[in-house]
Every structure is written in structure tokens, then in C-alpha cells.
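Visitor: Quick one: sequence and predicted model below, then my questions.
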Amino acid sequence: METGLYNNDFSSTFNKLLAKAGVTCYQIHQFSSIDQGYLSNLRNGKKNNPSPETIVKIALALAHFSSKIKLYEIESLFRSAGRSIHV
């Protein structure tokens, strides 16, 4: 669902990046120490507005596990939560 500059669909963007990177939520949890239940809620759309700190931790974990993740995709992860890093 588009809303202004942001699409407000973190779970969809998160799932796409997990699939592209070939990374599991468990791997994100291990790297970032983000609670597994919270990651599951983000992935399933039960939570859709993570903090900037959480997004950075997820982005770093994705980048750590896969060189397939590009900077513009990290920006899309921020935008999907109604935030931006302006790259």
C-alpha cells in the first residue's frame, strides 16, 4: 500500500530481501541479537514499524550474510517502514 514516499509494507520488503540473500530469521537473530519472536512478527506483518536501530541491525545482518544485497535495497527496507537514510 503506497502512502506518500513510503510503501508501509515492511514485511513484504523484508521477506523479499531475506529470499534474495538466502538468509533465515534465525541467522538475522544470531548476528543481530534481535528477538526471534519479534523478527517473526516483522516477517509476518504483525509488526510493521521497527525502530531505525532495528532496521540497521537487520540491514547489517543481510549485508554480512550476502553480497547480493545492494544499498538501494537497504534504502527500500527503510522506506517500507516509513523512514529514510537518504542515499
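Guide: It's in.

Visitor: what residue ranges in the chain score low on pLDDT?
Guide: 1-8, 86-87 (pLDDT under 70).

Visitor: residues in contact with the residue nearest in space to the middle of the chain?
Guide: For the chain, the residue nearest the mean C-alpha position is Phe14 (4.2 Å; C-alpha atoms, centre = their mean). Applying C-beta atoms under 8 Å, 6 or more residues apart in numbering to Phe14 gives the contacts 42-43, 58, 77, 80. (Glycine included, C-beta is placed from N, CA and C.)

Visitor: Make JSON lines out of those residues and add secondary structure and neighbour count.
Guide: Shown next, in JSON lines, are the contacts of Phe14 (DSSP: H, G, I helix; E, B strand; the rest coil; neighbours: other C-beta atoms under 10 Å):
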{"residue": "Leu42", "secondary structure": "helix", "neighbour count": "24"}
{"residue": "Arg43", "secondary structure": "helix", "neighbour count": "17"}
{"residue": "Ile58", "secondary structure": "helix", "neighbour count": "25"}
{"residue": "Leu77", "secondary structure": "helix", "neighbour count": "22"}
{"residue": "Ser80", "secondary structure": "helix", "neighbour count": "23"}
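
Visitor: Closest to Ile34 out of these?
Guide: Nearest to Ile34 out of the contacts of Phe14 is Ile58 (C-beta to C-beta; 7.1 Å).

Visitor: I'd assumed Ile34 was in contact with Thr54.
Guide: Yes - with contact defined as C-beta atoms under 8 Å, Thr54 and Ile34 form a contacting pair (6.2 Å).

Visitor: how about the helices in this protein?
Guide: Assigned helices in the chain, in chain order: 10-21, 25-32, 36-44, 52-65, 71-80 (criterion: DSSP state H).

Visitor: that older thread, quick one: the residue nearest to the centre of the chain and Tyr26, what's the gap?
Guide: Separation of Phe14 from Tyr26 (C-beta to C-beta, to the nearest Å): 14 Å.
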